[in-house]
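J.: Got a predicted model here, sequence first, then my questions.
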Amino acid sequence: MTTNRGRKDVIRDRMAATGESYNVAARNLKAMKDMGATRDAVLTQRWRPAESFDVPCPCGGTCEPGETCERCHARHRHVARYPGSATEVETWVDRYECTGCSASYTLIVQLPDRPWGVAETVIQGGSAEEVVRARVFPGVVHPLLKPETPEEGCRGGAVLVGGGCQGGGV
């Protein structure tokens with residue numbers, strides 16, 4: 001574990017090398033530390049479903065085998081994974097779709113070694129109430145939270161619908 005003094009020394013070294021302010025250097029060092037986790041989260045979410053049940057699922061082998069559909073008796077295939085909570089960064093939702101009809105279902109899964117962001121406790125409001133707020137890693141699309149940086153979202157009042165921006169000055 002790094003001591004507070006050691007952490008400050010590393011931040012000051014970065015300040016001297018880059019000319020950044022203390023806060024910017026600290027934020028950039030934190031971002032560099034999170035890059036490995038960011039990469040893992042993006043890979044956890046972005047993959048294409050397997051074409052055949054004979055090959056392993058490309059999600060990384062963390063999904064359950066698809067169940068048999070009650071309507072048409074075909075099998076369900078794992079087709080998507082997205083963050084499943086607004087504050088619990090280890091919670092993901094796996095979506096399964098039937099290969100024979102339009103049926104689908106979702107399962108909530110816990111992936112402690114693959115968080116989709118960072119949960120932080122912040123003080124909010126006049127009563128100084130502590131609230132847990134999640135910050136989504138860059139590149140991860142969260143269905144409930146807005147992206148932290150504007151270039152990840154839509155511009156000019158447009159809203160993200162089905163992976164694309166609609167309305168406003170896109």
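T.: Thanks, I have the structure now. On a predicted model such as this, the values are computed, not experimentally measured, just so you know.
J.: Nearest to the spatial middle of this protein, which residue is it?
T.: residue 116 (3.1 Å; C-alpha atoms, centre = their mean).
J.: Next one, pLDDT for that residue please.
T.: At residue 116, the predicted lDDT confidence score is 89.
J.: Residue 89 now?
T.: 90.
J.: Quick one: the strands in this protein, in order.
T.: 76-83, 91-98, 104-110, 117-124, 129-136, 159-161, 164-166 (DSSP state E).
J.: just flag whichever of those strands has the lowest average confidence.
T.: For the strands of the chain, where the average pLDDT is lowest is strand 159-161, sitting at a mean of 46.
J.: Next, find the distance separating the residue nearest to the centre of the chain from residue 133.
T.: 14 Å (C-beta to C-beta, to the nearest Å). To be clear about C-beta, it is placed using only N, CA and C from the backbone, and glycine gets the same treatment.
J.: from memory residue 123 sits against residue 132, does it?
T.: No: here residue 123 does not reach residue 132: they are 11.4 Å apart, not a contact under C-beta atoms under 8 Å.
J.: Which one's more surrounded, the two?
T.: In terms of neighbours (other C-beta atoms under 10 Å), residue 132 is the more surrounded of residue 123 and residue 132; the figures are 12 against 9.
J.: What sits closest to the more buried one if chain neighbours are left out?
T.: residue 87 (4.7 Å; C-beta to C-beta, 6 or more residues apart in numbering).
J.: Next up, the contacts around the one you found.
T.: When contacts are counted by C-beta atoms under 8 Å, 6 or more residues apart in numbering, residue 87 touches 119, 132, 133, 134.
J.: Pull up the gap between it and residue 118, please.
T.: For residue 87, the distance to residue 118 - C-beta to C-beta - is 11 Å.
J.: and for those two, which residues touch both?
T.: Contacts common to residue 87 and residue 118, judged by C-beta under 8 Å, 6+ apart, are residue 134.
J.: Give me the neighbour count for the closest residue to residue 139 other than its chain neighbours.
T.: Spatial nearest neighbour of residue 139, excluding adjacent residues (C-beta to C-beta, 6+ apart): residue 42 at 4.3 Å. By the criterion of other C-beta under 10 Å, residue 42 has 16 neighbours.
J.: I'm done for today, thanks for sticking with me.
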